[in-house]
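A.B. asks: Predicted model, plus sequence, below.
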Amino acid sequence: MNGSWMAFVESNTTGTGREFCAAARARGLRPVLLARDLGRYPYAAEDAVDTRLLDTSDPDAVLRTLTGLAAAGGLAGVTSSSEYYVATAARAAAALGLPGPDGAAVADCRAKDVQRERLRRAGVPVPAFEAVADAAAAVAAAESLGHPVVLKPVSGSGSVGVRLCRDADDIREWARRLLDDGANTRILVEEAVYGPEFSVETFDGRVVTVVAKHVGPTPYFVETGHDVPAAAPRPTTHALGETALHALSALGLGWGAAHTELRWSAGGPVVIEVNPRLAGGMIPVAVRAALGVDLVDAVVARAAGLPAAAPAPGAGHAAVRFVRATHEGRVRAVRGLRAAAAAPGVLAARATTAPGRDLRITHSFQDRLACVVAAAPAPLQAVRRAVAAADLIEIDVEPVPAPHPSRERAAR
């Protein structure tokens, strides 16, 4: 096993993708990143991670590459930290006789309409919903469900395309935008559920922790921070955990990591969606800081068939806070990262943008330009440390000049 390849099919781009490769190395494995566009992952070159360039949307190409790796030094395991490739990795692992979750269950879970229907049939509390394929059907579904409603693609992550719509005109416009995107053939129209938002982090069918989630103002649902563990009453966190486990059972999941998002409504917990993967948004870093449980290492070990590590001492509490884009333009400078990293209790201070990059407001995770993770013995202290450190980070953005008309004509 020692020195064998540990393959990652694509990667998330918001922090923990890099940590997966580091965890593999710490386990004595050789990380290799399979990607269609290596430019999306600067850390691969910076950390001298082996790479393979291929069409990762082609399962046969992925399997051929993995088979070649198995023949050239041995293949310990395959997984993905990307929402979009967890099913591909699971099916490849099964084909090669490697550890992994049920690929069909993972693929079904990624289709929000299929997932939601299975949860409803199993008696898991979920919002009322309807999957539609055109704007007129979206308006009709909302009339049946009652306004306001939430519209979202049936696949995706990071709040991309998710919006609260309050009337027929709003619904019709947003539905058309989603369906005209080209990536969406169906969208979900769902009842708006109100109440505090949480996520339940599980591993191998057990609750690791309940996380309090913070989101920006409606009509969008961009996550602005996380608190680990949630400072909520024990009966509340217990009910949230039990509901998440019920959802995983209904979906045929439970192997390895899962990230279940819920709201605590007037009637109790409601499952918004189950993600058959490790949480993003720096939640694993906060879990490790607060509780001493290294979920990134746990995912790598599980995929490689290795024993889990024992938890280390934790600080007790941790908080994540993001620095978000407020206007579009071109990044001129990123300031204050060193000061944020040196602030009391800070474990990580990272930017996900760089000078020269163009910014576009998307009302999704892509609007998050930097993040801070801070730890402390008490929940409020952890929050204050994260907020104070995030306030030290400044992203200077300048307007992008419009093309000169004469230059446009010349280009044509």
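C.D. replies: Cool, got the structure.
A.B. asks: going forward, measure contacts and count neighbours with C-alpha atoms only.
C.D. replies: Will do.
A.B. asks: Which helix or strand contains residue 77?
C.D. replies: strand 75-79 (DSSP states H and E).
A.B. asks: Only alpha carbons, please: show that strand as CSV.
C.D. replies: Output in CSV follows, covering the C-alpha atoms of strand 75-79 (Å, rounded to 0.1, in the frame of the first residue of the first chain):
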residue,chain,number,x,y,z
LEU,A,75,-3.8,2.2,-6.9
ALA,A,76,-4.8,2.5,-3.2
GLY,A,77,-8.1,4.3,-3.8
VAL,A,78,-10.1,6.9,-5.8
THR,A,79,-12.4,9.6,-4.5
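A.B. asks: Neighbouring strands of it in the sheet, and parallel or not?
C.D. replies: strand 5-9 (parallel) (DSSP bridges).
A.B. asks: right, and the helix or strand after the partner strand?
C.D. replies: With DSSP H and E, the next secondary element past strand 5-9 is helix 16-26.
A.B. asks: what's the next secondary structure element after that following helix?
C.D. replies: Next element after helix 16-26 (DSSP H and E): strand 30-35.
A.B. asks: how about the residue nearest to the spatial centre of the chain, phi and psi?
C.D. replies: Nearest to the geometric centre of the chain sits residue 280, at 3.7 Å (CA atoms, centre = their mean). Residue 280 adopts backbone torsions of phi -100, psi -150, taken as degrees, to the nearest 10.
A.B. asks: what's the longest helix belonging to the chain packed up against?
C.D. replies: Taking DSSP state H as the criterion, the chain has its longest helix at helix 234-250. In terms of contacts (3 or more CA pairs under 8 Å, 6 or more residues apart in numbering; DSSP states H and E), helix 234-250 is packed against helix 112-121, strand 197-203, strand 206-215, strand 268-275.
A.B. asks: Distance from the chain centre to that helix, please.
C.D. replies: Per CA atoms, centre = their mean, to the nearest Å, the displacement of helix 234-250 from the mean C-alpha position of its chain is 20 Å.
A.B. asks: Count the neighbours of the closest residue to residue 291 other than its chain neighbours for me.
C.D. replies: Closest residue to residue 291 apart from its sequence neighbours, by CA to CA, 6 or more residues apart in numbering: residue 314 at 4.4 Å. The number of residues packed near residue 314 is 18, by other CA atoms under 10 Å.
A.B. asks: check contacts around residue 314.
C.D. replies: Applying CA atoms under 8 Å, 6 or more residues apart in numbering to residue 314 gives the contacts 288, 289, 290, 291, 292.
A.B. asks: which of these lies closest to residue 227?
C.D. replies: Of all these, residue 227 sits closest to residue 290, with 9.6 Å by CA to CA.
A.B. asks: And the helix or strand hosting the closest one, what does it pack against?
C.D. replies: In this assignment (DSSP H and E), residue 290 forms part of helix 283-291. In terms of contacts (3+ CA pairs under 8 Å, 6+ apart), helix 283-291 is packed against strand 223-228, helix 295-304, strand 317-324, strand 368-376.
A.B. asks: Can you give the contact residues for the longest one?
C.D. replies: Read it as helix 295-304. Against helix 295-304 from outside (CA under 8 Å, 6+ apart): 6, 16, 19-20, 23-24, 27, 76-79, 98-100, 256-257, 278, 284, 287-288, 307-309.
A.B. asks: And the buried ones among those, selectable in PyMOL?
C.D. replies: Listed next is the PyMOL selection for buried residues among the contacts of helix 295-304, using 16 or more other CA atoms under 10 Å:
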select buried, resi 6+16+19+20+23+24+27+76+77+78+79+98+99+100+256+257+278+284+287+288
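A.B. asks: related to what we said a few turns ago, among the helices and strands packed on helix 283-291, which comes closest to residue 34?
C.D. replies: Of the helices and strands packed on helix 283-291, nearest to residue 34 by CA to CA is helix 295-304, at 15.6 Å.
A.B. asks: and that closest one with strand 5-9, angle?
C.D. replies: Interaxial angle of helix 295-304 relative to strand 5-9 (axes from the mean of the first three to the mean of the last three CA atoms, to 10 degrees): 110 degrees.
A.B. asks: buried residues in helix 295-304?
C.D. replies: 295, 296, 297, 298, 299, 300, 301, 302, 303, 304.
A.B. asks: and the angle for it with strand 206-215?
C.D. replies: 130 degrees.
A.B. asks: how near is the residue nearest to residue 227 when sequence neighbours are not counted to residue 180?
C.D. replies: Nearest residue to residue 227, sequence neighbours excluded (CA to CA, 6+ apart): residue 319, at 4.5 Å. Taking CA to CA, to the nearest Å as the measure, residue 319 falls 38 Å from residue 180.
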